[in-house]
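J.: Can you look at this prediction? I've put the sequence above it.
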Amino acid sequence: MKNTLIPIIGLEVHIELATKTKLFCTCSADHFSKKPNTQVCPICMGLPGALPYTNYEAVISTIKFGLAMGSTINLFSKFDRKHYFYPDLPKSYQISQYDLPFCVGGNFAGKRIRRVHLEEDTGKLVHETIDGVKSSLIDFNRSSVPLMEMVTEPDFHDIESIISFLKDVQLIVRYLGISNADMEKGSMRLEANISLANSEQVIANKLPNYRVELKNINSFKFLEKAASVEIKRQTEALEKGEELVQETRGYNEVKQSTFSQRSKADAHDYRYFPEADLPPIELSELIIKNLQLTIPELPEQKRVRFEKEYELSKDFANILVSDLDRANYFEEALRQAQSKFGQGATLSARTIADLMINRKLDQEFPEPAGLVKKIIELTSVAYSSNEEVENAVKSVLIENEKAVSDYQTGNGNVIGFLIGMTQKKLQGKGNPQIVREKLLEGIQK
Ligand SMILES: [Zn+2]
């Protein structure tokens, strides 16, 4: 029987944080499509004698993200120097975190998280032909922009699950408001560590003795192509009985194949040591608790709430929640519609979701008020007759004795509830003014 090979994949996800300033100086961190080398200073250019200082906004963003991933936050952490030479790294070391990252462990979307740490981004090499000469230029605008790195355990076995995980991560990051995590703009990039395990290794829960790091993945499409080509290459090699080595590989789009870049460096090659110019960071339980309180409703919670509270279908809830602006638009439109129609909530929630999703009316009307106006036009059927309203009010008052007595003992708020119940019976067609009058008459009888 042919030995089945199973992909074992772990991820290193880099997210550029949308802080106002860079990680160790006050230059603007918003570097996208800015004139080269206009957002630099001695600190982020790595000039001798320049002293870095920590941007706590970046630290807080990293901890919030860690909390959303279910990580444990280290109360004592520090920055370290990671040494290597490359022209886009002027100090010849990158300030990163080694043995005491801000966040350790965690579990998100069914995958185990190893750690989340904070480091500085590098400059950017730009290759151009100037006066017929091929030249490499360096833009330091990105140098020292805060870069958060999440490392997962090797829990992925196929590319689809990686993509769905990354989309969930992207969404969380946007909900937290710490980055737009836009792959096209390079604010989310990743590396995938890929190896193949045979069935014996899988049964013994052992990892293969090599792994190949696939670098610079900057789009979902790229990930899909490069990873499947690499899995195929490894499968063929192992089936021929070849040994695979630990290395870093890139992907050649034209040849549709991966190529070796360098043998993978181990941690000791980087000569990590504590960053002497920055004090360690100590946090209290109280600070962590307070940060936990600032975490907004996250996508999964919102999805569950939309299904329950608004009786939306799973599909509708998913579509709205996957775009925070759209989810907010929906709730604002609903709030405005309810204040106009009374609380025929379920009916209007579904109608609004339907008009947004199937008819894309939220694109036509950038403001929720426009959509609500449109709904009024679309549903401007004749109001129910007075007799219909009276009948509806009568049965609502009989069916809701408790609310009626609450009202009579001074709880004026229940009138909203009773209006809602009456509108439900009238399928939202009651004239709000008349419904209210008839209810007040009925209650006082
Ligand atoms: Zn600077």
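T.: Okay, I see it.
J.: contacts, neighbours, all on C-alpha from now
T.: Noted.
J.: any idea what sits nearest residue 354, other than its immediate chain neighbours?
T.: Spatial nearest neighbour of residue 354, excluding adjacent residues (CA to CA, 6 or more residues apart in numbering): residue 316 at 7.9 Å.
J.: Quick one: the strands in the stretch 251-400 of the chain, in order.
T.: With strands called from DSSP state E, counting those that start in this stretch, the stretch 251-400 of the chain shows them at 257-263, 273-274, 281-282.
J.: With mean neighbour count added, can I get those in JSON lines?
T.: Shown next, in JSON lines, are the strands of the stretch 251-400 of the chain (neighbours: other CA atoms under 10 Å):
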{"stretch": "strand 257-263", "mean neighbour count": "15"}
{"stretch": "strand 273-274", "mean neighbour count": "16"}
{"stretch": "strand 281-282", "mean neighbour count": "12"}
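J.: Distance to residue 383 and mean pLDDT for these - can I get that in TSV?
T.: Output for the strands of the stretch 251-400 of the chain, formatted as TSV (distance: least, CA to CA, whole Å; pLDDT from 0 to 100):
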stretch	distance to residue 383	mean pLDDT
strand 257-263	67	85
strand 273-274	74	95
strand 281-282	64	97
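J.: In TSV, list those strands along with distance to residue 411.
T.: Formatted as TSV, the strands of the stretch 251-400 of the chain follow (distance: least, CA to CA, whole Å):
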stretch	distance to residue 411
strand 257-263	71
strand 273-274	64
strand 281-282	50
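J.: The chain against the ion: which residues are in contact?
T.: Residues of the chain lying near the ion by CA under 5 Å from the ion: 25, 27, 40, 41, 44.
J.: What about these, which one has the most neighbours?
T.: Neighbour counts for the residues of the chain next to the ion (other CA atoms under 10 Å) peak at residue 44, which has 30 neighbours.
J.: I'd say that one and residue 28 touch.
T.: No - using CA atoms under 8 Å, residue 44 is not in contact with residue 28; the gap is 10.9 Å.
J.: coming back round to it: so which of the residues of the chain next to the ion is the closest to residue 356?
T.: Minimum distance to residue 356 across those is 40.7 Å, recorded for residue 27 (CA to CA).
J.: domain parsing for this protein?
T.: Using automatic domain parsing, the domain parsing of the chain gives 5-293, 299-378, 386-444.
J.: For the second one, give the mean pLDDT please.
T.: Averaged over domain 299-378, pLDDT sits at 87.
J.: Got the confidence number for residue 253?
T.: pLDDT for residue 253: 85.
J.: quick one: it and the ion, what's the gap?
T.: Distance, residue 253 to the ion, using CA to the ion, to the nearest Å: 35 Å.
J.: picking that back up, so which of the strands of the stretch 251-400 of the chain is nearest residue 433?
T.: The nearest among the strands of the stretch 251-400 of the chain, by CA to CA, is strand 281-282 at 59.8 Å.
J.: Quick check: which ranges of the stretch 1-150 of the chain have low pLDDT?
T.: When residues are selected by pLDDT under 70, those of the stretch 1-150 of the chain lie in 1-3.
J.: returning to that earlier point: can you redo the residues of the chain next to the ion as CSV with distance to residue 161 and secondary structure?
T.: Converted to CSV, the residues of the chain next to the ion look like this (distance: CA to CA, whole Å; DSSP: H, G, I helix; E, B strand; the rest coil):
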residue, distance to residue 161, secondary structure
25, 38, coil
27, 38, coil
40, 39, coil
41, 42, coil
44, 37, coil
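J.: Check those and tell me the two furthest apart.
T.: The widest separation within these (CA to CA) is 9.1 Å, between 25 and 40.
J.: who touches both of those two?
T.: Listed as contacting both residue 25 and residue 40 by CA atoms under 8 Å, 6 or more residues apart in numbering is no residue at all.
J.: If you tally nearby residues, what's the number for residue 158?
T.: So residue 158, with other CA under 10 Å, has 16 neighbours.
J.: Please look at it and residue 164 and confirm they touch.
T.: No - when contacts are counted by CA under 8 Å, residue 158 is not listed as touching residue 164 (10.6 Å).
J.: Hmm, residue 257 and residue 230 touching each other?
T.: Yes - taking contacts as CA under 8 Å, residue 230 lies within contact range of residue 257: 7.4 Å.
J.: Tell me the buried residues in the longest helix seen in the chain?
T.: Using DSSP state H to define each element, the chain has its longest helix at helix 220-239. Residues of helix 220-239 classed as buried: 220, 223, 224, 226, 227, 229, 230, 231, 234, 235, 238 (neighbour count, 16 or more other CA atoms under 10 Å).
J.: swap in stretch 321-331?
T.: Within stretch 321-331, the residues that count as buried by 16+ other CA under 10 Å are 321, 322, 324, 326, 327, 329, 330, 331.
J.: Repeat that for stretch 401-413.
T.: Residues 403, 404, 407 are the ones in stretch 401-413 that count as buried (16+ other CA under 10 Å).
J.: want to throw the residues you listed into JSON lines with pLDDT?
T.: Below are the buried residues of stretch 401-413 laid out as JSON lines (pLDDT from 0 to 100):
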{"residue": "403", "pLDDT": "89"}
{"residue": "404", "pLDDT": "89"}
{"residue": "407", "pLDDT": "88"}
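J.: what would those residues look like in a markdown table with secondary structure and distance to residue 138?
T.: Formatted as a markdown table, those follow (DSSP: H, G, I helix; E, B strand; the rest coil; distance: CA to CA, whole Å):
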| residue | secondary structure | distance to residue 138 |
| --- | --- | --- |
| 403 | helix | 71 |
| 404 | helix | 74 |
| 407 | helix | 72 |
